[in-house]
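Asker: Here's a sequence, model it:
(chains A, B, C and D)
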There are 4 protein chains.
Amino acid sequence: MFIKRTDLALEARELWQESAERTSRLSGVKATKTKLEGYPLTRVDILNEKGEAALGKPQGSYLTIDLTTFWQRKADFFERAVRAVGSQLKALLPAQGPALVVGLGNPAMTPDAVGPLAADSVLITRHLISAMPKHFSGFRPVAVFRSGVLGTTGVESAEAVRGLVAEVQPALVIAVDALASRRCERVCTTVQLSDTGIVPGSGVGNHRSALNQETLGVPVYAVGIPTVVDAATLAADLLEESGLTEVNPERLRQGQQTLMVTPRDIDQQVRDLSKVVGYGINWALQDLEIEEINALLS
Amino acid sequence: MFIKRTDLALEARELWQESAERTSRLSGVKATKTKLEGYPLTRVDILNEKGEAALGKPQGSYLTIDLTTFWQRKADFFERAVRAVGSQLKALLPAQGPALVVGLGNPAMTPDAVGPLAADSVLITRHLISAMPKHFSGFRPVAVFRSGVLGTTGVESAEAVRGLVAEVQPALVIAVDALASRRCERVCTTVQLSDTGIVPGSGVGNHRSALNQETLGVPVYAVGIPTVVDAATLAADLLEESGLTEVNPERLRQGQQTLMVTPRDIDQQVRDLSKVVGYGINWALQDLEIEEINALLS
Amino acid sequence: MFIKRTDLALEARELWQESAERTSRLSGVKATKTKLEGYPLTRVDILNEKGEAALGKPQGSYLTIDLTTFWQRKADFFERAVRAVGSQLKALLPAQGPALVVGLGNPAMTPDAVGPLAADSVLITRHLISAMPKHFSGFRPVAVFRSGVLGTTGVESAEAVRGLVAEVQPALVIAVDALASRRCERVCTTVQLSDTGIVPGSGVGNHRSALNQETLGVPVYAVGIPTVVDAATLAADLLEESGLTEVNPERLRQGQQTLMVTPRDIDQQVRDLSKVVGYGINWALQDLEIEEINALLS
Amino acid sequence: MFIKRTDLALEARELWQESAERTSRLSGVKATKTKLEGYPLTRVDILNEKGEAALGKPQGSYLTIDLTTFWQRKADFFERAVRAVGSQLKALLPAQGPALVVGLGNPAMTPDAVGPLAADSVLITRHLISAMPKHFSGFRPVAVFRSGVLGTTGVESAEAVRGLVAEVQPALVIAVDALASRRCERVCTTVQLSDTGIVPGSGVGNHRSALNQETLGVPVYAVGIPTVVDAATLAADLLEESGLTEVNPERLRQGQQTLMVTPRDIDQQVRDLSKVVGYGINWALQDLEIEEINALLS
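Answerer: Alright, predicted model coming up:
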């Protein structure tokens, strides 16, 4: 069977609904929609094993913020996006304890660079608090790890993070990664937060062992931005929309399985949204206004 | 009518053939296929106005080298590719006179960076010949211009090149740019050479005024590599293949017209092929072996 | 005789004073000191040929803004620096007419990257005004040229700029370049403005033909930041301070003439000050507040 | 007392000899000079605690290869340099067992980028051997870690490496870092190898906890390239040479302690030598010719 690729819980739910009989009901999954700072927010909670099986994702909360209107650059678009991401992330996280932020992915490959780019906007305080405890007493200790990818390290991200967690002993890990969406319109317009950990590299087709409470021993929160659509998934959707359901779109993966669809100006879009994520993490972890973050990062 | 986007003369010819009655004959266009250094070579000559009208491209020769097997990295794949590109380009060029190599496109946007990256592999000799004429008497004078794009300069590439041609007075211009292909399998596997000049930026959707004999006063040779497929063109082809000809694919351009399809590891592929082009230009312009080019560029 | 290297008129005057008899008076040169936005400002006017001979620089005005306290990052340090540079530059420039901003130097060599980095912060408007004249009627047309260096182009910056001026026909040129200072304490703390044009590359030891009214046919304004001290000049000053005047410091240039002294974190400092220069140019050319420049550049 | 800064054992020995009475003899230290592949090689062995105290460095072997003539680019200069570095490193290392190569330093600061740049030329095989054990049976497992610096991670390099060693369990660590030399003529012309571990960041003035057998539990081999001279050390040497011994050069550190002296084209030099180091590590660890390394890295 042809599998449509998506890393968004929101889309996994849509796919289930499309495939299911109209009469069936998706039990074990709860979804709600609201607005936050002017941006639409969808929350999908997977409540039990039935929900896990239906959506193919672990139990937990998945929050999707729709930043489509960010690109219209209306008043305070950046600050509102940071507060939307930051406040939702803050609500997921434990209120205290040192954090390790992990930027997953390959900085040399734009659609995979969300993690390392977001890491560049995170306030790193662990060493400052350690060296000047009085001066930095108001801050939460934050360290950052840029994992790179297997081809440039020889080490799985999960292994490297596990070693670092043993040394740094954070109370929580926040992992940032690029994701794959099923829909072009969600690429570079969406941020997904979850409290379920993450499988690094799924956004660009490399499945690696998971970063989660089970493998790391501390809770792992994931922040992801879809940057690509799998070309075969796109084609399958196009064919279906046209009512051409007898075509097997698996054929579309032959010889071109590594093709992906991206926006033309993905470099700029990935840079901008990664900054939103980095600032959102600062907003969630530290008790700071955005102008203060600006000043500290300059 | 929906226009399928392509910058390859080869594909323009294919499109004509698909659209035309089987009985009609494409007059004014001649096509031949051979092999060169193990790589397939297709030559399309547009001979007259009929050919121009049919293919939507100016009269002249278009050579397409198929480097698909380059990525298998078999014996001497790089050297053979350089000689294939270099020898065909050399056959197009006048045998003597100073050259200006123009790297078109945006170095900060991978699919558009073929021009500036190829420019980085071109042997720049004009200033050396001028400063040490005896020592560099065996070389042909070569200067390089990286035009950037309108958004980062405020100046059309054609304007800037015209100003530089007036100062430097080359006998010929070689312009390198990224192209758009209609077919995923030609992306990052094809090099097109022509003696007809070029319209910068067509590869990523920005049409600018042409660089050619008419606008610059010297002959302009173009070297291009397709790095993207327009997503709507891809979808239209998919729909047609499925016999779904009643769907108007123009609809696919609404709201997502800037989407493009690229290989997952486009960064590496664009870097490698741009080096082939740069070395091929050196091979065509200077009387040097590849190892000598290596030594001079190190 | 040993020549101490400096590109700052301020320092050329100091050197003259050190070398001259106490009783002599430097005629043809006028110097004044004030403060601007909290930063010390020194203005040196070279009034006639006597002044030119004494200081080794062409007639005109040289303004040096001392940004040493910038690095203390006190309130509004960035905005004040932009207004200081911008207002002095504005006073030098003609009030109207299109501008061409030239970023001189090598972007791949940090101490030489002031020009291209500043260019990245300049609002480029020429093409927007041309495409949407009504919408952008309030802006002054600005184009940007990043000249590169002879080794990467084969073309002197002066030649390339001359060609572009002929095409673009600006009313004035603003050239930005890295400079050499005689004093470590002026490196990455000083901005020099002048209305006399510039000789590209003097900051890092490559003298090229001048960009000025005579060579380009339009007035040329220079903005420079010292990023290096010539190591032999530094040593000569150290020896002199120690009263060791019998040592010939020319000896210090043997075999190490290309050594230079820079701050340890020059990458960050050059980036920050180049942004001050880019914003200062926008402040001088356009009728905009700094927040508006921020919004337009984002 | 003024401390002249150097990370080279060779220079520590010179300093001792300059400071000592002519009649005294440096016991506990043995030095020998030879030539290797055309490049001078100095070996300093610190044999006991007396030697440690005299030179301020731990017991062990320090090999310094003088690559001054590398820059003349005579026949096979690159291959000879790789073999010189590789063969000496191979002689220090255990003959078998997996290796972890650590690139220390800041990739965004050229004089500190030796470690990450060398890491980019290391053949990474650990994951390949693990995934395709038959195909890669002839290779030694190699993983790479780019540590970054405290300001960009919040974690000491030694902590992070310790965590990774616990996960990856290498038989040995090779740490690559930039060093400080006392002499301008040794900057970017020298490679030092040792079997004593390393204190990261000493090259640019940040002392951090050591990477060595004691802290990591496995032997640590260091490869370093001097990229800077501390400006105060340079000045002190100049003053002494001039017989001006009564001046206290400590004064030279006031207010300018972060100044350093580097070659003008340090970007290119650091890139080229880091490649020599990376290839030398491959030569030492794998049974490969240089052309084979080239092919595997392309």
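Asker: how about the helices of the stretch 51-200 of chain A, start to end?
Answerer: Along the stretch 51-200 of chain A, the stretches classed as helices by DSSP state H, counting those that start in this stretch are A:77-92, A:114-119, A:126-131, A:150-153, A:157-168.
Asker: What helices and strands are in contact with the second one?
Answerer: Right, helix A:114-119. For helix A:114-119, the contact count by 3 or more CB pairs under 8 Å, 6 or more residues apart in numbering or on different chains; DSSP states H and E identifies strand A:99-104, strand A:142-148, strand A:172-181, strand A:220-230, helix A:266-285 as packing neighbours. Backbone N, C-alpha and C define where each C-beta goes, glycine included.
Asker: now do 7 Å
Answerer: strand A:99-104, strand A:142-148, strand A:172-181, helix A:266-285 (3 or more CB pairs under 7 Å, 6 or more residues apart in numbering or on different chains; DSSP states H and E).
Asker: So what touches that helix?
Answerer: Judged by CB atoms under 7 Å, 6 or more residues apart in numbering or on different chains, the contacts made with helix A:114-119 from elsewhere in the structure are A:101, A:103-105, A:107, A:144, A:146, A:176-178, A:225, A:227, A:270-271, A:274, A:277-278.
Asker: Cross-check those against chain D and keep the overlap.
Answerer: Intersecting the contacts of helix A:114-119 with the contacts of chain D gives A:V144 (criterion: CB under 7 Å from any CB of the partner chain).
Asker: any idea how far chain B is from the closest residue to A:Y221 other than its chain neighbours?
Answerer: Taking CB to CB, 6 or more residues apart in numbering or on different chains, and ignoring the residues beside it in sequence, A:Y221 has A:I174 as its nearest neighbour in space, at 4.9 Å. Distance, A:I174 to chain B, by CB to the nearest CB, to the nearest Å: 26 Å.
Asker: likewise A:L41?
Answerer: Look at A:L41 and chain B: by CB to the nearest CB, they are 22 Å apart.
Asker: doesn't A:N282 make contact with A:I174?
Answerer: No - using CB atoms under 7 Å, A:I174 and A:N282 do not qualify as a contacting pair, with a distance of 10.9 Å.
Asker: between the two, who's got more neighbours?
Answerer: With neighbours defined as other CB atoms under 10 Å in any protein chain shown, A:I174 and A:N282 compare such that A:I174 has more, 28 against 24.
Asker: what pairs with the more buried one across the strands?
Answerer: A:V101, A:Y221 (DSSP bridges).
Asker: How much space separates it from A:G56?
Answerer: 23 Å (CB to CB, to the nearest Å).
Asker: Give me every residue in chain A lying close to chain D.
Answerer: Within chain A, the positions near chain D by CB under 7 Å from any CB are A:124-127, A:142-145, A:150, A:152-155, A:159-160, A:162-164, A:166-168.
Asker: Which strand or helix spans A:A295?
Answerer: Taking DSSP states H and E as the criterion, the element that holds A:A295 is helix A:290-297.
Asker: if we can go back for a sec, would you point to the one among the helices and strands packed on helix A:114-119 that's packed deepest?
Answerer: For the helices and strands packed on helix A:114-119, the stretch with the most neighbours on average is strand A:99-104, a mean of 28; neighbours defined as mean count of other CB atoms under 10 Å in any protein chain shown.
Asker: Send me that one as PDB with only the CA atoms.
Answerer: The C-alpha atoms that make up strand A:99-104 are tabulated as PDB, following Å, rounded to 0.1, in the frame of the first residue of the first chain:
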ATOM      1  CA  ALA A  99      17.300  22.500  29.700                       C
ATOM      2  CA  LEU A 100      19.300  21.000  26.800                       C
ATOM      3  CA  VAL A 101      18.200  22.200  23.400                       C
ATOM      4  CA  VAL A 102      19.100  19.900  20.500                       C
ATOM      5  CA  GLY A 103      19.300  21.200  17.000                       C
ATOM      6  CA  LEU A 104      18.900  18.100  14.800                       C
END
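Asker: what does it rub up against?
Answerer: Contact partners of strand A:99-104, identified using CB under 7 Å, 6+ apart, comprise A:115-116, A:118-119, A:122, A:140, A:142-147, A:157, A:161, A:164-165, A:168, A:170-177, A:200-201, A:281, A:285.
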